[in-house]
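Asks: Pasting the sequence and the predicted coordinates here, then a few questions.
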Amino acid sequence: MLTVRVQPVRVFALAVAVLLACPRICAPARADDDARWAATAKTYNTYCAQCHGLNRNGKGINAKSMAVQPRDHSDPKGMGPIPDAEIVKAITDGGLSVNKSVLMPAWGKVLSPQQIQDLAAYIRHVCNCGSAANH
Amino acid sequence: MSRISFFLCALATALCAPSLGLAADANAILSRQCAQCHALSKPADASIDRLWTRKGPDLYYAGSKFNQPWLVEWLQNPRRIRPAGEFYFTHIKATPDGDVIDASTLTSHPRLSKGDADAVAAALMALKGPDDLVRKGAYKKQPVPAMIGAMFFEKLRGCAACHMDKPGQGGQSGPELYDAGLRLQPDFVYAYIKQPQRFDPHVWMPQLDLSDTDLQRLTGYLMTLQDGSPK
């Protein structure tokens, strides 16, 4: 009987398909995540980690000598209430522009608007808080 | 060949050879012992990946940046300028108290003899970089009261977050500046603070909106810092 003989082949094909797709289906968060954030994480490491830290916790190598401590980007309590627009503004025009410390520099002449948008989204991803947490 | 022209030739060779020899040696030293870590001509690759992988700061505009006597001294007796080396991110590690410099990843700089240092410093001073990189006379030499200068550098403009203006005081991701007055030319300092990325496309110093008054004041302050004592 034809159908009976085809069935195992179909099952096998399905299994292969699932296996091939597995990296996408089985671990969507991690794999896609790393690829999506890699370039922005590098931007962060180049410009922001010197103050905000390897672990994004506000404890970069410059932090010890600073009168105002860099914001802890991994802290949902501290980061959650800051609106997206303020995050973008702080990065673009510096701390003073949002009534914060001058020790947070303006990066609008070094980074493109797109890079700054990506950083803002990345910071939401790091704190897992704010508007991104609702998505 | 007449006798007299033979004599002139010999004389010219004898007189010129030492200095020719010196220049040739200096360039040979630069290409054999320095070029693997330092760009001696403007790099074609302006990518951020180059910043991450290069082993030392660019020297293609050294003649527009350094004071020659400082170069001669430092090449014989190098001491750390960038507390976290180059590239800073590759020399730090996280600890429970915050990030620290991982000193085990930093190496000491090659040293030159007095003779080689003289010759190499002269060869470096000949590397001026593009004509429009550093505008001559930009710094107007107006004196800056030390307290005012320090207040702007440390508090009002946030420079001390990344730079030390006194040994042990200030940030660690940028070069120390407490001997800037010995090391650097004032017009370079002015031009660099104004637009760091013109010198180094992805350098991790911000380009701030500074007025000419600010730039004069900060440059004037840095020129007064001359603490050359070894640390």
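Replies: Happy to help now that I have it.
Asks: Please count neighbours and contacts with C-alpha atoms only from this point.
Replies: Fine.
Asks: where in the chain is pLDDT low?
Replies: You didn't say which chain, so I picked chain A. Where chain A drops to pLDDT under 70, the residues are A:1-33, A:132-135.
Asks: wait, I meant chain B there
Replies: Ranges of chain B meeting pLDDT under 70: B:1-24, B:228-231.
Asks: What strand or helix carries the most centrally placed residue in chain A?
Replies: By CA atoms, centre = their mean, the mean C-alpha position of chain A lies nearest to A:Tyr122, the distance being 2.6 Å. For A:Tyr122, the host element (DSSP states H and E) is helix A:113-127.
Asks: Residues touching that helix, excluding its own?
Replies: A:37, A:40-41, A:43-44, A:56, A:73-76, A:79-80, A:84, A:87-88, A:91-92, A:108, A:130-133 (CA atoms under 8 Å, 6 or more residues apart in numbering or on different chains).
Asks: Put the buried members of these into a PyMOL selection.
Replies: In PyMOL, this line selects whichever of these come out buried by 16 or more other CA atoms under 10 Å in any protein chain shown:
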select buried, chain A and resi 37+40+41+43+44+56+73+74+75+79+80+84+87+88+91+92+108+130
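Asks: Could you pick out which of the contacts of helix A:113-127 are located in helices?
Replies: Using DSSP state H, the subset of the contacts of helix A:113-127 located in helices is A:37, A:40-41, A:43-44, A:76, A:79, A:84, A:87-88, A:91-92.
Asks: Was I right to think B:Asp187 contacts B:Gly137?
Replies: Yes. Using CA atoms under 8 Å, B:Asp187 is in contact with B:Gly137, at 6.4 Å.
Asks: What separation is there between B:Pro110 and B:Gln68?
Replies: For B:Pro110, the distance to B:Gln68 (CA to CA, to the nearest Å) stands at 18 Å.
Asks: Which one of those two is surrounded by more residues?
Replies: Using other CA atoms under 10 Å in any protein chain shown as the criterion, B:Pro110 and B:Gln68 rank with B:Gln68 on top: 20 against 11.
Asks: And stretch A:82-94, how far out from the chain middle?
Replies: Chain-centre distance of stretch A:82-94: 16 Å, with CA atoms, centre = their mean, to the nearest Å.
Asks: which parts of chain B sit against chain A?
Replies: B:89, B:92-94, B:97-101, B:156-158, B:161-162, B:169-173, B:197, B:202, B:204-208 (CA under 8 Å from any CA of the partner chain).
Asks: Would you map the strands across chain B?
Replies: B:92-95, B:98-101, B:164-166, B:169-170 (DSSP state E).
Asks: Let me have those strands in CSV, extended by mean neighbour count and distance to B:Tyr221.
Replies: Shown next, in CSV, are those (neighbours: other CA atoms under 10 Å in any protein chain shown; distance: least, CA to CA, whole Å):
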stretch, mean neighbour count, distance to B:Tyr221
strand B:92-95, 17, 30
strand B:98-101, 21, 28
strand B:164-166, 22, 10
strand B:169-170, 20, 15
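Asks: Give me the number of neighbouring residues for the residue lying closest to A:Pro70 once chain neighbours are set aside.
Replies: Leaving aside its sequence neighbours, A:Pro70 sits nearest to A:Gly58 (CA to CA, 6 or more residues apart in numbering or on different chains; 4.9 Å). Applying other CA under 10 Å, we find 24 residues neighbouring A:Gly58.
Asks: Make sure A:Gly58 is indeed in a helix.
Replies: No. Assessed with DSSP: H, G, I helix; E, B strand; the rest coil, A:Gly58 is coil; it does not lie in a helix.
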